[in-house]
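Asker: got a predicted structure here, sequence first:
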Amino acid sequence: MTLNFHYKTIKRPDGTVIKTPSIPILLHGKETIEFVALVDSGADVSMIPISIAELLGLDLNEESKFQAFGIGGKVDTLETKINITVQKGHENHKFQIPIKIILGNYDLPILLGRLGFFDRFIISFNQSQEKISLKSVHKSFS
């Protein structure tokens with residue numbers, strides 16, 4: 001089965017409005033909360049801001065602190081794993097992905113990167129129709 005989503009309209013901090021390939025997801029920690037996340041083929045790994053990690057009640061153990069590098073330079077992060085659910089209608093995919101928790105006060109969206117997420121789907125971006133499709137890859141993971 002294929003999950004199809006329309007791009008989401010977001011307002012950037014500078015006030016401009018754009019449409020992005022973002023999808024609704026559930027993140028599971030001590031709490032389960034629905035968010036909208038940007039599917040980012042340019043991100044090696046998924047990322048969430050610390051404010052969301054705190055909402056979910058994730059362990060913020062400083063022993064897993066690393067620096068991450070990206071287009072915005074370098075930031076301090078914590079590395080962990082999180083359970084995620086992607087669903088639409090009767091189709092439901094729940095699995096675990098590695099994430100980096102961005103430390104500091106940054107206004108960043110949740111990013112779904114390649115490691116752990118792109119492995120599970122064949123992902124198609126249709127920019128002209130502003131749609132993103134996720135087709136499940138039937139593969140066992142260890």
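Answerer: Looks like it arrived, so ask away. These figures come from a predicted structure and were not determined experimentally. Residues are numbered from 1 along each chain as shown.
Asker: roughly how far does the residue minimising distance to the centre of the chain sit from residue 105?
Answerer: Nearest residue to the geometric centre of the chain (CA atoms, centre = their mean): residue 112, 2.8 Å. As judged by CB to CB, to the nearest Å, residue 112 and residue 105 stand 22 Å apart. In this view, the C-beta of every residue, glycine as well, is placed from N, C-alpha and C.
Asker: now swap in residue 33 and tell me
Answerer: 20 Å.
Asker: who's more crowded, those two?
Answerer: Using other CB atoms under 10 Å, the more surrounded residue of residue 33 and residue 105 is residue 33, with 12 against 8.
Asker: and the more buried one, how far is that from residue 4?
Answerer: For residue 33 relative to residue 4 (CB to CB), the value is 23 Å.
Asker: which residues sit in contact with residue 11?
Answerer: Residue 11 makes contact with residue 17, according to CB atoms under 8 Å, 6 or more residues apart in numbering.
Asker: next, it: phi, psi?
Answerer: Backbone torsions for residue 11, taken as degrees, to the nearest 10, come to phi -110, psi 120.
Asker: so it bridges to which residues?
Answerer: Counting by DSSP bridges, residue 11 forms beta bridges with residue 17.
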